[in-house]
Structures are given as C-alpha cells and as structure tokens.
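Chemist: Structure, please.
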Amino acid sequence: MVVTASAASLKSIVFRPENDIPFVSDYDDIKAQYALIATSGKRTNAKIEALTQSIKDDAGKEALVQLNAARADYRVPRDKLVGMLKAGRAEEAKNVLLLELRPKQAAYMDRLDALVKFLKTRMGESGDKVNGTFDTATTARGRNDA
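Modeler: Now for the predicted structure:
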C-alpha cells in the first residue's frame, strides 16, 4: 500500500508549479514558483528511487522504465518553459506550456496512472495469495482437529 501511495502522490508534487508560473506576475510569487519546481524535482527523484528499490518483478521494472522515459520527455519542455520565464519571455512561455509541455505532461501522467494501476493490481494479487494461504491453513487445521 505504501508503494502505491508513493506512486500516486507523485502527481501532486510534479505538475502544479509548471501550470501556475506563467500566469503569476508578482516577483515574490514567481520566485516561490521556481523554488517549488526545484523542490518538486528533488522530491520526485526521491520517490522514484524508492519505487525503484521496492519494485522487484520485471513488469514493474518495465512500468518504471516507461515512467522515467515519459518523465525525461516532459522535462525538456518544462526546462524550456522555465528558461523562457527567467528570460522575461512570458507570452512565449505560455505557448510552450500549452503546445509543448501539456501534451508531454499528459503522457507522463498516463505512465504514472499505469504504474499506480499496476501496483494496485499486484497488491490485490498479493492479498488474494494471503487469503488463499489462510484458507488452506484453516482447512488443514480443521481436519487435524477432527
């Protein structure tokens, strides 16, 4: 459950600052948004590293590979957006946000959703195995008590 929650929480860390920053005009708010972007990258790295350490099967590892590829694709227009904003090119940055970043962001979110779905499925399968083992043990104990 912790692994699934960790994967699901990535969305709230990753996507908010980039969407807000082109529409913020106060200098202090802009600085705060840049700080959020920097912080979100570090937090995302930590969460993905934790997921990498906890996922052991090949299908889970492949889901992580796909997530990391989508993340790398997403970061290119994100970094371009931030660079344009820092250069004072806010109107151009809005176009980058809408035309370049958002499609990559959607693909990244799709990969993240796929990973969360995969982890939930695996968690359900693990629970079913535990229930099956418990039922077998209970049946065997019932026979021994008879």
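Chemist: what separates Met42 from Arg89, distance-wise?
Modeler: For the record, residue 42 is Lys, not Met. Noted for Lys42: a distance of 26 Å to Arg89, by C-beta to C-beta, to the nearest Å. C-beta coordinates here come from the backbone N, C-alpha and C atoms, glycine included.
Chemist: swap in Lys31?
Modeler: In terms of C-beta to C-beta, Lys31 sits 17 Å off from Arg89.
Chemist: list the buried ones in stretch 44-61?
Modeler: Going by neighbour count (16 or more other C-beta atoms under 10 Å), the buried part of stretch 44-61 is 47-48, 51, 55, 60.
Chemist: now, which of those residues lie within helices?
Modeler: Among the buried residues of stretch 44-61, the members found in helices (DSSP state H) are 47-48, 51, 60.
Chemist: Dump those residues to TSV, plus pLDDT and distance to Leu115.
Modeler: Compiled in TSV, those are given as follows (pLDDT from 0 to 100; distance: C-beta to C-beta, whole Å):
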residue	pLDDT	distance to Leu115
Lys47	88	11
Ile48	90	10
Leu51	89	8
Gly60	90	8
